[in-house]
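**Q** this one's sequence-less:
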Ligand SMILES: Nc1ncnc2c1ncn2[C@@H]1O[C@H](COP(=O)(O)OP(=O)(O)OP(=O)(O)O)[C@@H](O)[C@H]1O
C-alpha cells in the first residue's frame, strides 16, 4: 500500500471535526489495506493510531534534525516504512547511534515533504490527526462489519489496535472472538475509580471489601511462560512498554516459580530502610532504562508486590471473582510478594488501616470488591482508590523562562486539563512551586526538546508540544476569568513528572469542576 494513501487519509481525518466523517475515511483506508493482506492492516492501523508497531525505535526528536531534502514524487510503501522501522529498532551495539541516523536519513530521502512530516510524527509519537482509540476502533468495526463491542473487548485483551484490526478484517467476528489473553503479550491493565475518603469508597462498593495498600511504585504486568523455553519472563508497564531488561532481579525471581504459565498484575517499588517505601522518583529513576542495570540493581534493588493473577497454568482467570483470583495468587507466589491487605465491612477499621499505611509512607489504599471480575483496560467498578490528598494529572502546555535565582532555567509551567466533551486541552493555571533544583535542571532540558519552535529562545513564554504529564497537588479550585476554563487551581504545586501515563488519560475539566462541587 502506498504511504501517500495513509498520509492523505490522516489529513482528511484531521481536517474534519465530524466523527462520522473521520470513521468513514479511516474505514475506507483499512479496507484498501486489507487488499494487501493482514500484516498491512496491522501496520496501517498502528500508523493511523499514531504509533509504530515497533513502538520505540531508539530515534529521538533530536535525531530527526537536519534530514535530507524531500523527494519530488512519492514512491514509498507502508511495507517499506515498516521494514525500515524494524531494521532501525534492531540496530544495537557500539556505533548504533550513527547507524540509526544513517538508516533514518535513507528513509527520509525517499519521502515527500508531506510524508516526511508524517514519518516525523510517527517516530516521535506526536501524530495528532484525531484518530483516537474510540474513532479508530469504530472504524475497524465498520470496515469489518462486526459489532464495535467485540472490537473493544478484543483490544483490551490484545493490548493494541493493530492485531485486532487485522483479525477483524481478515477473519471477521469469529477471529475476534478467538482473540483472548495470550501469555507473553500484554493486555490493558484494569484501572481504579476514586473516592474522596475511605468511608465513601466502602459506601460505593457496599458490604465486605478488601482494603489494599496503594504502593507508589511502577505498575508491572508479569508474564511467565515455561512451556517451550523454561524461564521465559516478560515484564510490561501500565502503558504496555516492555521493561524486562530493566528489572533482572524481578525476572530471575519469577523464573524460579513452579508454574507452567502465569500472568500477574502488581507494582514494583524500591524500599528503603525498615521496608519504608522510597519516594516515587527513586523507583522511577531505577526503572527508566536498562543502562547500567547491573550496578543499579545492587544500589537500588526492586521489590515486587502482586495484587492480581490473570492467568495460571492454561486457565484464564479474568472473569473469575476477585476472591477466587486472590486465592490462586496466594498459592502461587511467596507471601512476601503479596500486597498487604485487610478484609472488612467496618469503615472505622478501614480508616485506621488507611491512616497507618499513610503514616508508613504509602500513597493510600485501593478498596476492592471481592466479587467482581478483572475489567481489563477500564476503570472497573471493583476498584476504588483513596489518597490522603487529592492530586491531578495535567499536561504542561507552555513554560516561562525564570528570573533571579532561576535565570536561564525554564520555570513557571502552564497547566492543562482535557475537556472530555471537545477533547481540547484547557489551561487551568500556572505554577513554579514544588520543583527541586534537580527537577528544574531536568525540566529545562526536557522542555527545550518539547518546544514547538526549538530554534526560537527569544520569547519569555515557550509553547510546548503537549506531551509531558505532571502530577499536581493543590488546595482548592476557584472561579477565575483569567484562564479559558473559567477556573483556577489554588496553590498548585508540582509533585512529580509522570512518564507512565499518556496525555490521553490526564484529568478532565469535568473532574476538576466536580471536585469544586460545581
Ligand atoms: N494494591 C493496588 N491495587 C491496584 N493498583 C495499585 C495498587 N497499589 C498501587 N497501585 C497503582 O495504582 C494505580 C491505580 O490507580 P489508577 O488505575 O487510577 O492509575 P493511575 O491513573 O496511574 O493512578 P495514580 O495516579 O493514582 O497512581 C495502578 O495503576 C497501580 O499502578
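**A** Nice, thanks for sending it over. None of the values given here were measured: they were computed from a predicted structure.
**Q** from now on I want contacts and neighbour counts done on CA atoms only, so please keep to that.
**A** OK.
**Q** how about the residues of the stretch 151-300 of the chain by the ligand?
**A** 191, 192, 193, 212, 213, 214, 215, 216, 218, 219, 267 (Cα under 6 Å from any ligand atom).
**Q** just the ones of those residues in strands?
**A** If you go by DSSP state E, these have 191, 192, 193, 212, 213, 214, 218, 219, 267 in strands.
**Q** how about CSV for the residues of the stretch 151-300 of the chain next to the ligand, with pLDDT and distance to residue 180 added?
**A** Compiled in CSV, those are given as follows (pLDDT from 0 to 100; distance: Cα to Cα, whole Å):
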residue, pLDDT, distance to residue 180
191, 95, 19
192, 95, 22
193, 91, 25
212, 97, 28
213, 97, 30
214, 97, 29
215, 96, 29
216, 93, 30
218, 96, 25
219, 97, 22
267, 98, 24
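**Q** excluding its backbone neighbours, what's nearest residue 496?
**A** Sequence neighbours aside, residue 471 is the residue nearest to residue 496 in space, at 5.4 Å (criterion: Cα to Cα, 6 or more residues apart in numbering).
**Q** tell me how far the one you found lies from residue 498.
**A** With distances taken as Cα to Cα, to the nearest Å, residue 471 is found 7 Å from residue 498.
**Q** near the ligand, which residues of this protein show up?
**A** Taking Cα under 6 Å from any ligand atom, the part of the chain that reaches the ligand is made up of 191-193, 212-216, 218-219, 267, 307, 366.
**Q** looking at those residues, which is nearest residue 343?
**A** Nearest to residue 343 out of the residues of the chain next to the ligand is residue 212 (Cα to Cα; 8.7 Å).
**Q** beta partners of the closest one?
**A** Residue 212 has these beta-bridge partners by DSSP bridges: residue 341, residue 366.
**Q** from what I see, it and residue 365 are in contact.
**A** Yes - because the distance of 5.4 Å satisfies Cα atoms under 8 Å, residue 212 is recorded as touching residue 365.
**Q** looking at the two, which one has more neighbours?
**A** Neighbours per residue, other Cα atoms under 10 Å: of residue 212 and residue 365, the larger number sits with residue 365, 27 against 22.
**Q** what packs against the helix or strand encompassing the residue nearest to residue 496?
**A** For residue 471, the host element (DSSP states H and E) is strand 469-473. When contacts are defined as 3 or more Cα pairs under 8 Å, 6 or more residues apart in numbering; DSSP states H and E, strand 469-473 sits against strand 391-401, strand 493-498.
**Q** now, of these, which is deepest in the fold?
**A** Highest mean neighbour count of these: strand 391-401, a mean of 23 (counted as mean count of other Cα atoms under 10 Å).
**Q** what is the helix or strand following it packed up against?
**A** Downstream of strand 391-401, the next assigned helix or strand under DSSP H and E is strand 410-418. Applying 3+ Cα pairs under 8 Å, 6+ apart, we find strand 410-418 packed against strand 391-401, strand 425-431, helix 437-450.
**Q** where does the stretch 51-200 of the chain have low pLDDT?
**A** 127-132 (pLDDT under 70).
**Q** single out the residue in it that lies closest to the ligand.
**A** The nearest approach of the stretch 51-200 of the chain to the ligand comes at residue 191, 3.2 Å away (Cα to the nearest ligand atom).
**Q** what number of residues lie near that residue?
**A** By other Cα under 10 Å, the residues close to residue 191 number 19.
**Q** pipe the helices and strands packed on strand 469-473 into CSV and attach mean pLDDT per row.
**A** Converted to CSV, the helices and strands packed on strand 469-473 look like this (pLDDT from 0 to 100):
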stretch, mean pLDDT
strand 391-401, 96
strand 493-498, 94
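**Q** residue 250 is nearest to which of the ones you listed?
**A** Across the helices and strands packed on strand 469-473, residue 250 has its closest neighbour in strand 493-498 (22.4 Å, Cα to Cα).
**Q** give me the element the residue nearest to residue 348 when sequence neighbours are not counted is part of.
**A** Take residue 348 and drop its neighbours on the chain: the residue closest to it by Cα to Cα, 6+ apart is residue 199, 8.0 Å away. For residue 199, the host element (DSSP H and E) is helix 198-205.
**Q** low-confidence bits of the stretch 251-400 of the chain, can you list those?
**A** Along the stretch 251-400 of the chain, the model assigns pLDDT under 70 to no residue.
**Q** strands along that one, start to end?
**A** With DSSP state E, counting those that start in this stretch applied, the stretch 251-400 of the chain shows strands at 261-270, 302-312, 315-316, 341-344, 364-368, 379-386, 391-401, listed in chain order.
**Q** neighbouring strands - and their directions - for the third one?
**A** Think strand 315-316. Using DSSP bridges, strand 315-316 pairs in its sheet with strand 302-312 (antiparallel).
**Q** try the first one
**A** Here strand 261-270 has these sheet partners by DSSP bridges: strand 218-225 (antiparallel), strand 302-312 (antiparallel).
**Q** for the last one, same thing?
**A** Here strand 391-401 is paired, per DSSP bridges, with strand 410-418 (antiparallel), strand 461-463 (antiparallel), strand 469-473 (antiparallel).
**Q** so how far is the longest one from its chain's centroid?
**A** Think strand 410-418. With Cα atoms, centre = their mean, to the nearest Å as the basis, strand 410-418 stands 20 Å off its chain's centre.
**Q** what's next to it, contact-wise?
**A** Residues from elsewhere that reach strand 410-418 (Cα atoms under 8 Å, 6 or more residues apart in numbering): 394-402, 424-432, 440, 443-444, 447, 506-509.
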